[in-house]
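1. Below are the sequence and a predicted model for it; my questions follow.
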Amino acid sequence: MDLTFNKNEDHNKLQLSELRKKLGQVALGGGKAKMEKHRAKGKMTARERIDFLLDENTDRIEIGALAGDGMYQEHGGCPSAGVVVKIGYVSGKLAVIVANDATVKAGAWFPITGKKNLRAQEIAMENRLPIIYLVDSAGVYLPMQDEIFPDKEHFGRIFRNNAQMSSMGIIQISAVMGSCVAGGAYLPIMSDEALIVDKTGSIFLAGSYLVKAAIGESIDNETLGGATTHSEISGVTDYKSKDDKDALTTIRNIMSKIGDFEKAGFNRIDTSPPKENPEELYGILPKSRSDQYDMLEIINRLVDNSEFEPYKEGYGKSILTGYARIDGWAVGIVANQRKVVKTKKGEMQFGGVIYSDSADKATRFIANCNQKKIPLVFLQDVTGFMVGSKSEHGGIIKDGAKMVNAVSNSVVPKFTIVIGNSYGAGNYAMCGKAYDPRLIVAWPSAELAVMSGNSAAKVLLQIEKAALEKNGEALDANQEKELFEKVKQRYDQQVSPYYAAARLWTDAIIDPKNTRTWISLGIEAANHAPIQKAFNMGVLQV
């Protein structure tokens, strides 16, 4: 291997080490002391509950592990948004599991908690997957109630989704393993089956203190809404469990008896590992986001047998399109080519830029995959669409709009991997979060923003200089450099994949070698939801 490969490898593995460190920190929830206090009550932690529930030695993925990262510091932080969400197998059935982390502010709901819970429900609804709620929450975090309570995408949307999923025939199972209060009390009761753990689980619209204040009645919480009350008097819950493990075992038994599902019918054969070594991904991916590399070398380390069948190989070379298999599943891949390529006309196309011919090719390929019922995988490393008079006169806006139209109206499941740059309209055309990918994940090397930090700093600096000059002021070279670095530093923080993951613009930051698992499990989930409508791109400016 050459020196550049080794430098890239060192850089990317250092980034991966930082990711693992971050994930290790958020896995501690509210901290070791709070975890021990939680266990002293006879309760398992949120992650322990999920691990006990999931089948051993099976694939699983975690959604939003870094949600809330660096947010709400004035409130003490909210690691993993105070809720753990995983997709995995329970008694052989693929399911979404949502577990409140009571070590984080007693499992209270911050704004990002609501967004993450809604994302979990969205995944269950899109893929018609069973969803299991492990409830242990004090309800809305009152100091921020105005940001979580009343709006369309806030707390109340959870219960609307409960009702919608029930009408869709999506299985919902709830286990009340701690507090379940106020509006949150509706969640388990709007599920198909509800369990409650004796002595630790409780359900009520108002706790004993509020009852005393409201109507003057003196009553303890256990009598008011404990396991015995709801299993033997009110009939609110269906199962009374002696402890956490008993409740989780009951859920496993319920899941083991669920019947088969109607399948979408995506094509799958026996899996084969890539022939090219996936370990080499770290050396191929450049240290700098502006450097060139051959995206085909990345693809060959992600797909079965390293076999990629290119579509329109000699046309629109700044985007690679073609067919492959990932863990046996047939996929259509749309990927930004990151090396400068020469066209048949003798023109140069720069890496990561979408040209008119590239957009045209991608549009046609996306339509073909929809016709053939083949899931789409987008590999993003895009700086945007080509600009300038030649591109504008050639109709780049029209061709770009066609591609966005095709992505928007695609009916096959889409999966997006942000490998490097994800800037501006390129993010949209390559199926960013706004375009409903079933899953969207980033590598540690990813950057998401309107433009790069360097470009943004130059633009903002020019605006600042123009404003000063208008007032008869001017910056000397040192002042200009200082202002540039200040703007760039602030902007670079926002383009970080951690900034995006904290806000759930992506579902996760992952080890590049885990990409195959995410895509495979994502397609298996999507296979639970038969396609209900035909692909139609509507009106286009041809």
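-> Structure's in. What do you need? Numbers count the residues shown, from 1 in each chain.
2. going forward, measure contacts and count neighbours with C-alpha atoms only.
-> Fine.
3. Tell me where the model's unsure across this structure.
-> Within the chain, the segments meeting pLDDT under 70 span 1, 183, 387-388, 391-395, 540-542.
4. burial of the residue nearest to K93 when sequence neighbours are not counted, as a residue count?
-> In space, K93 comes closest to M255 once its chain neighbours are excluded; the distance is 7.0 Å by Cα to Cα, 6 or more residues apart in numbering. Neighbours of M255 under the rule other Cα atoms under 10 Å: 21.
5. Could you measure from M255 over to I173?
-> M255 sits 9 Å away from I173, going by Cα to Cα, to the nearest Å.
6. try N300
-> Distance of N300 to I173, given as Cα to Cα: 41 Å.
7. ditto for R20
-> For R20, the distance to I173 - Cα to Cα - is 32 Å.
8. Equivalent analysis for D246, please.
-> 15 Å.
9. go on, S191?
-> Distance of S191 to I173, computed by Cα to Cα: 6 Å.
10. now swap in A227 and tell me
-> 17 Å.
11. Looking at these two, which is more packed in?
-> Neighbours of A227 and I173, each counted by other Cα under 10 Å, are more numerous for A227; the result is 28 against 22.
12. Give me the phi and psi for that one.
-> Here is the backbone geometry of A227 (degrees, to the nearest 10): phi -60, psi -40.
13. and the closest residue in space to it that isn't next to it in sequence, how many neighbours?
-> Distance criterion Cα to Cα, 6+ apart; nearest residue to A227, sequence neighbours excluded, is D198 at 5.0 Å. The tally of other residues near D198 (other Cα under 10 Å) stands at 21.
14. all strands for the stretch 1-150 of the chain, in order.
-> Here the stretch 1-150 of the chain has its strands, by DSSP state E, counting those that start in this stretch, at 61-63, 83-90, 93-100, 131-137.
15. Can I get those in TSV including distance to G77 and mean neighbour count?
-> Listed next are the strands of the stretch 1-150 of the chain as TSV, based on distance: least, Cα to Cα, whole Å; neighbours: other Cα atoms under 10 Å:
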stretch	distance to G77	mean neighbour count
strand 61-63	19	21
strand 83-90	13	25
strand 93-100	15	25
strand 131-137	16	26
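16. Save those strands as TSV, and put in distance to I523 too.
-> Formatted as TSV, the strands of the stretch 1-150 of the chain follow (distance: least, Cα to Cα, whole Å):
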stretch	distance to I523
strand 61-63	13
strand 83-90	12
strand 93-100	12
strand 131-137	17
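17. For the stretch 201-350 of the chain, just list every one of the helices.
-> Per DSSP state H, counting those that start in this stretch, the stretch 201-350 of the chain carries helices over the ranges 208-215, 221-225, 227-228, 244-256, 281-284, 295-299.
18. what's the closest of these to N100?
-> helix 244-256 (13.6 Å; Cα to Cα).
19. Which strands or helices does the closest one pack on?
-> Helices and strands touching helix 244-256, by 3 or more Cα pairs under 8 Å, 6 or more residues apart in numbering; DSSP states H and E, are helix 46-53, strand 83-90, strand 172-181, strand 193-197.
20. Let's have the ones you listed in TSV, adding distance to F149.
-> Converted to TSV, the helices and strands packed on helix 244-256 look like this (distance: least, Cα to Cα, whole Å):
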stretch	distance to F149
helix 46-53	24
strand 83-90	17
strand 172-181	14
strand 193-197	24
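21. Tell me which of those sits nearest to P413.
-> strand 83-90 (16.7 Å).
22. quick one, that closest one and helix 244-256 angle?
-> Between the axes of strand 83-90 and helix 244-256, defined by axes from the mean of the first three to the mean of the last three Cα atoms, to 10 degrees, the angle is 50 degrees.
23. Partner strands of strand 83-90, with direction?
-> Using DSSP bridges, the strands paired with strand 83-90 in its sheet are strand 61-63 (antiparallel), strand 93-100 (antiparallel).
24. The closest residue to A474 other than its chain neighbours and N454, how far apart?
-> Closest residue to A474 in three dimensions, ignoring its sequence neighbours and counting by Cα to Cα, 6+ apart: L468, at 6.0 Å. For L468, the distance to N454 (Cα to Cα) stands at 21 Å.
25. Now name the helix or strand holding L461.
-> helix 453-470 (DSSP states H and E).
26. what residues does the next helix or strand after that helix touch?
-> Going down the chain from helix 453-470, the next helix or strand is helix 477-495, by DSSP H and E. Identification of contacts with helix 477-495 by Cα atoms under 8 Å, 6 or more residues apart in numbering yields 447-449, 452-454, 456-458, 460-461, 499-500.
27. of all those residues, which two lie farthest apart?
-> Between all members of those, the farthest pair (by Cα to Cα) comes out as L461 and A500, at 24.4 Å.
28. between the two, which one's more packed in?
-> In this view L461 and A500 are compared by other Cα under 10 Å, and A500 has more residues nearby, 23 against 19.
29. Report the buried residues of the host helix or strand of F365.
-> Here F365 sits within helix 356-372, counting by DSSP H and E. By 16 or more other Cα atoms under 10 Å, the buried positions in helix 356-372 come out as 356-367, 369-370.
30. for stretch 193-210, same thing?
-> Of the residues in stretch 193-210, 193-204, 206-208 count as buried by neighbour count, 16+ other Cα under 10 Å.
31. Over to stretch 508-518?
-> Quick answer for stretch 508-518 (16+ other Cα under 10 Å): A508, I509, I510, D511, P512, K513, T515, R516, W518.
32. Stretch 219-226 now?
-> For stretch 219-226, the neighbour count (16+ other Cα under 10 Å) marks N221, E222, L224, G225, G226 as buried.
33. So what touches that stretch?
-> When contacts are defined by Cα under 8 Å, 6+ apart, stretch 219-226 is touched by residues D198, K199, T200, G201, S202, I203, F204, G207, S208, K212, T229.
34. now, which of those lie within strands?
-> Using DSSP state E, the subset of the contacts of stretch 219-226 located in strands is S202, I203, F204.
35. Compute the distance between the last one and N221, please.
-> Think F204. F204 sits 8 Å away from N221, going by Cα to Cα.
36. Next: the second one.
-> Going from I203 to N221 by Cα to Cα gives 9 Å.
37. now the helices of the stretch 201-350 of the chain in JSON lines, with distance to K41?
-> Putting the helices of the stretch 201-350 of the chain into JSON lines (distance: least, Cα to Cα, whole Å) gives the following:
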{"stretch": "helix 208-215", "distance to K41": "20"}
{"stretch": "helix 221-225", "distance to K41": "15"}
{"stretch": "helix 227-228", "distance to K41": "16"}
{"stretch": "helix 244-256", "distance to K41": "11"}
{"stretch": "helix 281-284", "distance to K41": "45"}
{"stretch": "helix 295-299", "distance to K41": "49"}
